[in-house]
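Engineer: Quick one, fold the following:
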Amino acid sequence: MATTESMRARDVMHQGTQCVGENETLLDAARMMRDLDVGCIPICGEDNRLKGMITDRDIAVRCVAEGMSPGSVRAGAFAGQLFWTDADASITEALEMMETHQIKRLPVIDVRDGHRLIGMISEANLARNIPDAMMAEFVERVYAV
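Structural biologist: Numbers count the residues shown, from 1 in each chain. Prediction:
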């Protein structure tokens, strides 16, 4: 097993991340989340590049609770501010980004391979790969009110 100092984002990430298209609906996104058993899914454009992220909470709170129909709202409308890390970034750099922006899931992009989305780092990936003390610090910073 690699040491924390030598671990890269690609060593920790979940591979094979699927995207919802920016022109697909939030209903499509919700069904993908259900089928994949995930609470968040990347939004990709026609150019296959990452455009944003959509969570199950976004669909419930920002769409349904506001009286909109998930079947008529395009996923791209929920793209918002985007944070990601390069596949070759250190795990420390990825953690710092997640902590700074208080995000629980971080897309991993391979900038050497056409800026392609290749994976996602989640809390579960971190819990399996970093020391308990680092994980505790991450949780404290990300969930700080």
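
Engineer: Got the phi and psi for the residue of the chain positioned farthest from its centre?
Structural biologist: No residue in the chain sits farther from the centre than Gly67, which is 26.0 Å out by C-alpha atoms, centre = their mean. Backbone torsions of Gly67, given as degrees, to the nearest 10, read phi 90, psi 10.

Engineer: And the pLDDT at it?
Structural biologist: Looking at Gly67, its pLDDT reads 96.

Engineer: List the contacts of it.
Structural biologist: Counting by C-beta atoms under 8 Å, 6 or more residues apart in numbering, Gly67 makes contact with nothing. To be clear about C-beta, it is placed using only N, CA and C from the backbone, and glycine gets the same treatment.

Engineer: Please tell me how far it sits from Val61.
Structural biologist: Distance from Gly67 to Val61, counting by C-beta to C-beta, to the nearest Å: 12 Å.

Engineer: go on, Glu123?
Structural biologist: From Glu123 to Val61 the distance is 20 Å (C-beta to C-beta).

Engineer: Ok, Val142 next?
Structural biologist: 19 Å.

Engineer: Arg10 now?
Structural biologist: Relative to Val61, Arg10 is positioned 32 Å away (C-beta to C-beta).

Engineer: same question, Asp88
Structural biologist: In terms of C-beta to C-beta, Asp88 sits 35 Å off from Val61.

Engineer: all strands of the chain, in order?
Structural biologist: 14-15, 20-21, 40-44, 50-55, 85-86, 105-110, 116-122 (DSSP state E).

Engineer: How about the last one, which residues are buried there?
Structural biologist: Of the residues in strand 116-122, Leu117, Ile118, Gly119, Met120, Ile121, Ser122 count as buried by neighbour count, 16 or more other C-beta atoms under 10 Å.

Engineer: Pipe the strands of the chain into JSON lines and attach mean pLDDT per row.
Structural biologist: JSON lines is the format used below for these (pLDDT from 0 to 100):
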{"stretch": "strand 14-15", "mean pLDDT": "90"}
{"stretch": "strand 20-21", "mean pLDDT": "96"}
{"stretch": "strand 40-44", "mean pLDDT": "94"}
{"stretch": "strand 50-55", "mean pLDDT": "93"}
{"stretch": "strand 85-86", "mean pLDDT": "96"}
{"stretch": "strand 105-110", "mean pLDDT": "95"}
{"stretch": "strand 116-122", "mean pLDDT": "92"}
